[in-house]
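Student: Predicted model and sequence below, questions to follow.
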Amino acid sequence: MKLTNKKILSWIKNKGRFLLVLVTVLVVPLFSGCGTQSEGYHVSLEIWGTLDDSTIYNEAVSKYKDLNPYIVDIKYRKFSQDTYKQDLLDALASGQGPDIFLMNNSWLPSFENKLEPAPIKLVSEQDVNTNFPDVVATDFVDGGKVYGVPLSVDSMQLYYNKDTFNLAGITAPPKTWQEFSSDVQMLTRVDAVGNISRSGIAMGTSQNVSRSMDILSLLMIQNGAQLPTSKGMVTNIDQGVISQDGSIVQAGEQALGFYTQFSKVSLLANIPNPVYCWNSRQINSMDAFASGNVAMFLGYSWQGSNIKNKNPKLNFAVAPVPQLNANKPASFANYWGYAVAKNRPSATTPQKGATVAPVTDAIRTHEAWQFLRFLTLKNSGKVTLYNAITNNSKDFAVTFDPAIDYLKKTNQPAARRDIINLQRQDTFLGSFATGNLIAKSWYQVDPETNEKIFAEGIDSINRGDTSLHQALVLMKNRLDSLMQTKNK
């Protein structure tokens with residue numbers, strides 16, 4: 001017998017209110033919401049980035065579309081890293097930017113007004129703290145709101161040439177900066193007239209050392225100098241701090257002096273510098289290491305594939321970055337996270353007579369964050385999806401982990417804590433993955449200008465124009481002035 005709606009309602013009247021509620025629950029979809037125009041919608045999302053090819057995301061997108069009936073398509077666009085930031089800023093300003101884009105971990109202060117934070121039920125501050133190393137909350141959480149989530153975190157580690165170490169009789173990479181300096185002396189070859197035939201470390205200058213600002217920032221952080229970590233903080237790199245033995249030391253001066261010593265022929269007049277091994281005439285530090293003429297190089301995981309491509313026969317390995325205080329270990333983070341742009345016109349407009357609702361900005365950003373939740377957080381075999389209009393939810397069983405899939409395809413160090421544990425024993429990724437747990441960063445309102453400030457501080461020391469203290473005072477004043485100007 002076929003039941004019509006009229007017969008159902010007549011039967012309900014005879015059976016009472018309880019059955020009315022039960023039938024209502026059964027008839028109205030919990031999540032799909034496709035029965036009425038007020039509940040259903042179709043969304044297409046576009047992601048912009050610089051590192052990956054679109055094929056990297058194909059499987060994750062396909063699996064997600066099978067789960068979420070509201071997603072029509074998710075496309076990824078790859079840009080040149082040289083022009084990406086300006087292309088992105090121009091597109092966001094014109095309202096033609098992406099829904100989701102990759103953002104460097106130093107960009108939040110300058111991009112925050114262009115971003116839509118995650119709805120708390122999708123990605124909360126607690127989710128970030130539980131899933132990722134501490135540095136991610138420092139970089140992408142502000143005022144309790146989450147503005148970005150990563151698939152990979154990258155931390156600075158020590159590359160070393162195993163053949164060069166073996167020839168010098170050095171059995172293991174240095175664990176401390178004191179060991180590091182001793183190894184540099186044993187590894188470096190300088191002739192009688194000062195020509196460097198082999199460098200112990202590519203370090204000491206600004207322009208030809210890859211990420212020189214990151215290296216100097218790491219040294220400052222390990223020494224105890226205070227770089228700002230949030231809005232409104234001042235820079236304290238030119239004042240004394242209490243050392244391990246209780247004495248007062250000039251932390252910033254120690255860091256800047258240690259960094260620049262490797263490019264000084266003499267530390268004092270007519271007294272040769274035993275660790276001199278680098279100068280501004282050398283080629284780029286990564287290229288120099290790849291050529292085999294540099295024994296050690298401080299860098300990130302992505303540079304490993306570049307080195308292999310340049311010299312497939314180079315016998316090198318990676319070790320944890322040296323430490324100043326084993327009780328307060330630190331590395332430095334430089335990585336990318338996914339953020340959601342706000343105020344973008346929808347790319348999906350319902351056709352005349354369609355049974356789906358117009359895609360508002362609120363629906364678009366909700367679905368963008370819902371996808372990022374699926375992409376980056378641990379799912380434990382279950383994904384909960386929410387209707388952006390009704391807030392109804394439904395659980396879906398999953399056996400696919402997008403983050404693990406992504407990291408296997410890209411060979412990058414993990415952002416998620418549980419995957420870091422899986423990478424610990426990896427001969428290449430292990431140091432980077434575990435280094436992420438102690439990685440630090442600082443609050444940068446203008447990363448490009450900060451790089452210039454650090455470079456000019458390094459160069460002024462190398463030219464002999466200023467003392468360490470004078471260089472640090474100038475750097476501090478410029479950093480604080482920049483912070484005040486940008487935060488107005």
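Tutor: Good, I have the coordinates. Numbering: from 1, shown residues only.

Student: the domain parsing of this protein - what is it?
Tutor: The record's domain parsing of the chain by automatic domain parsing lists 35-153+336-410, 157-332+445-486.

Student: Could I get those domains in TSV, plus columns for mean neighbour count?
Tutor: (C-beta placed from N, C-alpha, C; glycine too.) Below are the domains of the chain laid out as TSV (neighbours: other C-beta atoms under 10 Å):
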stretch	mean neighbour count
domain 35-153+336-410	18
domain 157-332+445-486	18
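
Student: Ok, which of those domains comes nearest Asn436?
Tutor: The closest of these to Asn436 is domain 35-153+336-410. By C-beta to C-beta, the value is 4.4 Å.

Student: chain center to that closest one: distance?
Tutor: Offset of domain 35-153+336-410 from its chain centre (C-alpha atoms, centre = their mean, to the nearest Å): 16 Å.

Student: Give me the mean pLDDT for it.
Tutor: Mean pLDDT, domain 35-153+336-410: 92.

Student: before we move on, what about stretch 290-306?
Tutor: Across stretch 290-306, the average pLDDT comes to 98.

Student: picking up where we left off before, for the domains of the chain, give me CSV that also has distance to Arg424.
Tutor: Output for the domains of the chain, formatted as CSV (distance: least, C-beta to C-beta, whole Å):
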stretch, distance to Arg424
domain 35-153+336-410, 13
domain 157-332+445-486, 12
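
Student: what about those domains, which gets the closest to Thr434?
Tutor: When the domains of the chain are compared (using C-beta to C-beta), the closest one is domain 157-332+445-486, at 7.4 Å.

Student: picking that back up, indicate which one of the domains of the chain is closest to Gln425.
Tutor: Using C-beta to C-beta, the domains of the chain put domain 157-332+445-486 closest to Gln425, at 13.3 Å.

Student: Tell me the pLDDT of Lys13.
Tutor: 44.

Student: ranges for the strands of the stretch 301-450 of the chain?
Tutor: For the stretch 301-450 of the chain, the strands defined by DSSP state E, counting those that start in this stretch cover 316-319, 331-332, 336-340, 382-386, 393-397, 439-440.

Student: which regions of the stretch 201-350 of the chain lie under the pLDDT threshold?
Tutor: Residues of the stretch 201-350 of the chain meeting the criterion pLDDT under 70: 243-247, 345-350.

Student: hmm, try it at 90
Tutor: For the stretch 201-350 of the chain, the stretches with pLDDT under 90 are 232, 234, 238-250, 266-272, 343-350.

Student: any idea which helix or strand carries the residue nearest to Asp459 when sequence neighbours are not counted?
Tutor: Excluding the flanking residues, the one nearest Asp459 by C-beta to C-beta, 6 or more residues apart in numbering is Ser206, at 5.6 Å. In this assignment (DSSP states H and E), Ser206 forms part of neither any helix nor any strand.

Student: Against Glu116, how distant is Ser206?
Tutor: 37 Å (C-beta to C-beta, to the nearest Å).

Student: close enough to count as contact, Thr434 and Ile419?
Tutor: No: assessed by C-beta atoms under 8 Å, Thr434 is found out of contact with Ile419, at 11.9 Å.

Student: can you give me the helices in the stretch 51-200 of the chain?
Tutor: For the stretch 51-200 of the chain, helices defined by DSSP state H, counting those that start in this stretch occupy the ranges 58-67, 84-94, 108-111, 125-131, 134-140, 162-168, 177-187.

Student: Can you say which of these is nearest to Met475?
Tutor: helix 108-111 (18.5 Å).

Student: contacts for the closest one?
Tutor: Helix 108-111 is contacted by residues 103, 115, 139-140, 142, 147-148, 231, 339, 443-447, 486 when judged by C-beta atoms under 8 Å, 6 or more residues apart in numbering.

Student: so can I have a markdown table of the strands of the stretch 301-450 of the chain showing distance to Val72?
Tutor: Putting those into a markdown table (distance: least, C-beta to C-beta, whole Å) gives the following:
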| stretch | distance to Val72 |
| --- | --- |
| strand 316-319 | 42 |
| strand 331-332 | 41 |
| strand 336-340 | 18 |
| strand 382-386 | 15 |
| strand 393-397 | 18 |
| strand 439-440 | 38 |
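
Student: Which one, of the ones you listed, ends up nearest to Ile74?
Tutor: Across the strands of the stretch 301-450 of the chain, closest to Ile74 is strand 336-340 (C-beta to C-beta), at 11.9 Å.

Student: For that closest one, name the packing helices and strands.
Tutor: Packing partners of strand 336-340 (3 or more C-beta pairs under 8 Å, 6 or more residues apart in numbering; DSSP states H and E): strand 100-104, helix 134-140, helix 361-376.

Student: ok, residues contacting it?
Tutor: Contacts of strand 336-340 with the rest of the structure, by C-beta under 8 Å, 6+ apart, involve 47, 49, 51, 99-105, 111, 115-116, 118, 136, 139-140, 147-152, 365, 368-369, 372, 375-376.

Student: tell me, what residue is most central in the protein?
Tutor: Residue closest to the average C-alpha location in the chain (C-alpha atoms, centre = their mean): Tyr335, at 2.4 Å.

Student: Does that one touch Met156 like I think?
Tutor: No: Tyr335 lies out of contact with Met156 (C-beta under 8 Å); the separation is 10.8 Å.

Student: For the helices and strands packed on strand 336-340, give me CSV that also has distance to Val241.
Tutor: Formatted as CSV, the helices and strands packed on strand 336-340 follow (distance: least, C-beta to C-beta, whole Å):
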stretch, distance to Val241
strand 100-104, 29
helix 134-140, 20
helix 361-376, 36
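
Student: Let's have the helices of the stretch 51-200 of the chain in CSV, adding distance to Gly381.
Tutor: Converted to CSV, those look like this (distance: least, C-beta to C-beta, whole Å):
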stretch, distance to Gly381
helix 58-67, 13
helix 84-94, 36
helix 108-111, 32
helix 125-131, 16
helix 134-140, 23
helix 162-168, 42
helix 177-187, 45
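
Student: For Ile221, which of these is the nearest?
Tutor: Closest approach to Ile221 among these is made by helix 134-140 (11.3 Å; C-beta to C-beta).

Student: what packs against the closest one?
Tutor: Helix 134-140 packs on helix 125-131, strand 336-340, strand 439-440, going by 3+ C-beta pairs under 8 Å, 6+ apart.
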